[in-house]
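>>> what follows is a predicted protein model with its sequence.
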Amino acid sequence: EYSDQGSKRWTKTRCSSIGRYTSDMAPSTVDHLIGSALNVWGSASPLTFVRSFSHNADIMVDFVTREHGDSYPFDGPQGTLAHAYGPGTGIGGDTHFDDDEVWTTGINLYLVAAHEFGHALGLSHSNNPESLMYPTYMKRNQHNLLSREDILNLNMLYGRRTKI
Ligand SMILES: CC(C)C[C@H](CS(C)(=N)=N)C(=O)N[C@H]1Cc2cn(c3ccccc23)CCCCCCNC1=O
Ligand SMILES: [Zn+2]
């Protein structure tokens with residue numbers, strides 16, 4: 001659901017089944033990478049992500065091209081790789097990937113998805129190239145994607161991960 005405690009943030013977030021897939025890789029690979037990218041943020045916050053197969057879940061993921069039904073059409077190969085809406089009802093949280101990109105070893109889906117889900121959780125850009133929320137795609141060390149700044153910003157919105 002979506003908490004309307006003033007600040008734009010989620011109480012419990014569910015990710016949806018991916019609507020439209022890319023033909024660049026196996027759907028199971030996409031599922032795995034999307035789940036792992038969500039877990040990057042889940043592991044540093046109290047948020048839990050549940051895979052749901054309904055079409056009214058919080059985060060709807062789709063691979064689309066050009067004009068795709070919102071006011072932000074994609075631009076073909078390269079350029080903008082993806083976009084995501086901040087927390088909210090309806091389109092809030094939804095994340096779109098530009099399927100005119102080659103989503104394999106070319107543009108790394110896991111890295112881009114992790115950035116997008118930062119937006120979907122309410123984070124904006126950082127001007128620190130070390131931050132995952134830097135506005136330009138960069139190849140990164142996939143083992144610790146979140147910079148200290150990313151974790152601080154996340155914890156400001158969702159509090160710390162409570163040790164279970
Ligand atoms: C950070 C990403 C994961 C998500 C962001 C989009 S968003 C909304 N989620 N912040 C993104 O796609 N940024 C562009 C920014 C960008 C770089 N250039 C561009 C040329 C044209 C248009 C955009 C760009 C220069 C050429 C390189 C083009 C390929 C890489 N593209 C980018 O890095
Ligand atoms: Zn961004």
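Done, it's in. Ligands and ions are numbered 1, 2, ... in the order given.
>>> what does the chain put close to ligand 1?
Contacts of the chain with ligand 1, taken as Cβ under 6 Å from any ligand atom, map to 78-83, 112, 115-116, 119, 135-137. (Each C-beta comes from the backbone N, C-alpha and C, glycine too.)
>>> so of those residues, which ones are in strands?
Within the residues of the chain next to ligand 1, residues falling in strands by DSSP state E are Ala82, His83.
>>> between the residues of the chain next to ligand 1, which has the most around it?
For these, the largest number of neighbours (other Cβ atoms under 10 Å) sits with His115, at 27 neighbours.
>>> pretty sure it sits against Ser131.
No. Using Cβ atoms under 8 Å, His115 makes no contact with Ser131, being 9.5 Å away.
>>> now the protein, which segments are flagged as low pLDDT?
Residue ranges of the chain with pLDDT under 70: 1-7, 11-17, 105-106, 163-164.
>>> go again using 50 as the cut-off
Residues of the chain meeting the criterion pLDDT under 50: 1-6.
>>> nearest residue to the middle of it?
Phe117 (2.0 Å; Cα atoms, centre = their mean).
>>> which residues are contacting stretch 36-56?
Residues outside stretch 36-56 that contact it (Cβ atoms under 8 Å, 6 or more residues apart in numbering): 10, 12-17, 19, 31, 35, 59, 109-110, 113-114, 116-118, 121, 132, 145-146, 150-151, 154-155, 158-162.
>>> now list the buried members of those residues.
Among the contacts of stretch 36-56, those scoring as buried are 10, 13-16, 59, 109-110, 113-114, 116-118, 121, 132, 145-146, 150-151, 154, 158 (criterion: 16 or more other Cβ atoms under 10 Å).
>>> now, the residues you listed that are in helices?
Secondary structure from DSSP state H places Leu109, Tyr110, Ala113, Ala114, Glu116, Phe117, Gly118, Asp150, Ile151, Leu154, Tyr158 of those in helices.
>>> residues near His55, how many?
His55 has 9 neighbours, counted by other Cβ under 10 Å.
>>> that one belongs to a strand?
No. Counting by DSSP: H, G, I helix; E, B strand; the rest coil, His55 falls outside a strand, being coil.
>>> what sits against Arg20?
Arg20 is in contact with Asp62, Phe63, Val64, Asp99, counting by Cβ under 8 Å, 6+ apart.
>>> how is the first one assigned, secondary-structure-wise?
Spelled out, that is Asp62. When classified by three-state DSSP, Asp62 comes out as strand.
>>> neighbours around it, how many?
17.
>>> surely it touches Ile34?
No. Using Cβ under 8 Å, Asp62 makes no contact with Ile34, being 11.1 Å away.
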